[in-house]
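Visitor: Test case, fold it:
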Amino acid sequence: MIQPFQKITAKNIPLPIKDIDTDMIIPAQYLTKTDSSGYGENLFERLRNDDPNFPLNQEKYKDGKILTTRSNFGCGSSREHAVWALLQWGIRVVIAPSFADIFFNNAAKNGLVLVRLPEEVVETILKDSESGEYIISVDLESQKITLPDGTIYDFPFDSFRKECILKGLDDLAYIQSVNQEIEKWHEKRKSKIFYSTLTRNF
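Guide: Sure thing, here's the model as predicted:
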């Protein structure tokens, strides 16, 4: 199961960096564990250690649940740990012009909502978020994002993944949720095969 998501209104954290790869999100030395917990404290560790002014080090962005960044976020290796680290830090939404394909799929499976917006809109959000008081609303059900000035943007989202995230279902939980339908299909198929065999014998 994943944490259900419908709508969130929260502070935005600006991260004006392009091509952030999964090793920057969660360094490789933390990938030796066998479970999916305990990664949040190491999110962007090298960047946080190298730069005291890195956004996640700043008090004004504390408790931010939305992260806005530049294009090709999540590139590099396919580690699912990068998504786990973001969620465990408390981030539920990432806004960017584009995302790496594998990261995009990993995010959808774990309930991290990725919002694709035009580059010029993202740049405006990054600039205006420097105050530390920039509040954004993201509504997955309607696929709309509302900025503090009331401007609303639509964003694309895969319909299957949307249904899963709204209901809090990972891939296994989704299959279990339709078990009855699957069993009915198998029973119907068996009866058709039996009937077809019976008619051929006569």
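
Visitor: When you work out contacts or count neighbours from here on, use the C-alpha atoms and nothing else.
Guide: Will do.

Visitor: what sits against the most centrally placed residue in the chain?
Guide: In the chain, the centroid-proximal residue (C-alpha atoms, centre = their mean) is Leu112; its distance is 2.1 Å. By C-alpha atoms under 8 Å, 6 or more residues apart in numbering, the contact list for Leu112 reads 83, 87, 91-94.

Visitor: next one: Val93
Guide: Val93 touches 65-67, 112-115, counting by C-alpha under 8 Å, 6+ apart.

Visitor: Redo those as TSV? Include distance to Pro14.
Guide: Shown next, in TSV, are these (distance: C-alpha to C-alpha, whole Å):
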residue	distance to Pro14
Lys65	11
Ile66	9
Leu67	6
Leu112	17
Val113	16
Leu114	15
Val115	14
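
Visitor: any idea which element Thr68 lies in?
Guide: Secondary structure from DSSP states H and E places Thr68 in strand 66-69.

Visitor: helices or strands up against the helix or strand just after that strand?
Guide: Once strand 66-69 ends, the next helix or strand along the chain (criterion: DSSP H and E) is helix 81-89. For helix 81-89, the elements it packs on are helix 22-25, helix 101-110, judged by 3 or more C-alpha pairs under 8 Å, 6 or more residues apart in numbering; DSSP states H and E.

Visitor: Would you mind giving those helices as JSON lines with mean neighbour count added?
Guide: As requested, the helices and strands packed on helix 81-89 are exported to JSON lines (neighbours: other C-alpha atoms under 10 Å):
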{"stretch": "helix 22-25", "mean neighbour count": "21"}
{"stretch": "helix 101-110", "mean neighbour count": "19"}
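
Visitor: shaky segments in this protein?
Guide: Counting by pLDDT under 70, the chain has low-confidence residues at 171-202.

Visitor: any idea how it splits into domains?
Guide: For the chain, automatic domain parsing gives the domain ranges 7-169, 170-202.

Visitor: Redo the ones you listed as TSV? Include distance to Met1.
Guide: Listed next are the domains of the chain as TSV, based on distance: least, C-alpha to C-alpha, whole Å:
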stretch	distance to Met1
domain 7-169	5
domain 170-202	5
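
Visitor: Return the most buried member of the ones you listed.
Guide: Mean neighbour count (mean count of other C-alpha atoms under 10 Å) peaks for domain 7-169 among these, with a mean of 18.
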